[in-house]
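In: can you look at this prediction? I've put the sequence above it.
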Amino acid sequence: METSAPAGSELLVRVQDQEGNEVATGRGENGELSIDNVVLWQPGKGYLYSLEAQLISDGQLLDHYTLDVGVRTVEVKGNQFLINKEPFYFKGFGKHEDSDFRGRGYDAALNLRDFELLDWINANSVRTSHYPYAEEFMQLADRKAGCYQRNPCSRSNEYYGLWR
C-alpha cells in the first residue's frame, strides 16, 4: 500500500460475515488476516464477507473503503480448472457493455437482466471484453454466485506506451 497520509497513520481493516459478526481484524502498516471457519465462495453459493479498510491518523478517520469479498482457492491441474479443489467447467459468453436501446456504458438494470438470462440458460461465466468494466459489474458477478468474470489483460496499453 502506498499513501500520502501523514507519518504515523495506520490502516485498520475489519472483516464481517453476512450476519454482521466481526471475523477478522488487523491494524498497522502491513499484515495478514485470517478467518477461522471460513465459509468459501462456491459456484451457486456466493458467500461474501464485508471488508472495511479505514485510514486513521491521530485518531481521525482520513479515508475508508468497503468491499464485499469472497474467499476461494483457484488452481489449474492438468487440463482441469479447480475452484476450492472441485472441477469447474466454464459455460458462458463474451460481453460488451452496450445495448440496442441504451447505447454504451454501465447500466445496472441491463446488467441484472443479462445475469438473470445467464442463470436461466444455466451459464456460469462471462468473458469481459478488452476494457475495464465498472466495479459495480464485478460486484454483481460476485453476488450472482456462479457468474464468474474473466477480465482479460489488454496488451494495447503496451503498444501505445501507456503501460509502465
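Out: Nice, thanks for sending it over.
In: so where's this structure uncertain?
Out: 1-5, 145-164 (pLDDT under 70).
In: quick check: phi and psi at N111.
Out: In terms of degrees, to the nearest 10, the main-chain angles of N111 are phi -70, psi -40.
In: list the contacts of it.
Out: Contact analysis of N111 by C-beta atoms under 8 Å, 6 or more residues apart in numbering lists E97, E136, F137, L140. From N, CA and C alone the C-beta is placed, and that goes for glycine too.
In: apply 7 Å and report the result again.
Out: F137, L140 (C-beta atoms under 7 Å, 6 or more residues apart in numbering).
In: what's the answer for E29, then?
Out: E10, L11.
In: and the gap between it and R14?
Out: The gap separating E29 from R14 is 17 Å, by C-beta to C-beta, to the nearest Å.
In: please apply the same query to V23.
Out: 9 Å.
In: list the buried residues for the strand or helix carrying A24?
Out: According to DSSP states H and E, A24 maps onto strand 22-28. Under the neighbour-count criterion of 16 or more other C-beta atoms under 10 Å, strand 22-28 has V23, A24 buried.
In: what ranges does the protein have for its strands?
Out: 10-16, 22-28, 49-57, 60-69, 74-77, 80-83, 86-88, 92-94, 98-99, 103-104, 125-127, 148-150 (DSSP state E).
In: okay, these in JSON lines with distance to V38 next?
Out: Listed next are the strands of the chain as JSON lines, based on distance: least, C-beta to C-beta, whole Å:
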{"stretch": "strand 10-16", "distance to V38": "10"}
{"stretch": "strand 22-28", "distance to V38": "8"}
{"stretch": "strand 49-57", "distance to V38": "8"}
{"stretch": "strand 60-69", "distance to V38": "11"}
{"stretch": "strand 74-77", "distance to V38": "15"}
{"stretch": "strand 80-83", "distance to V38": "14"}
{"stretch": "strand 86-88", "distance to V38": "16"}
{"stretch": "strand 92-94", "distance to V38": "27"}
{"stretch": "strand 98-99", "distance to V38": "38"}
{"stretch": "strand 103-104", "distance to V38": "39"}
{"stretch": "strand 125-127", "distance to V38": "24"}
{"stretch": "strand 148-150", "distance to V38": "19"}
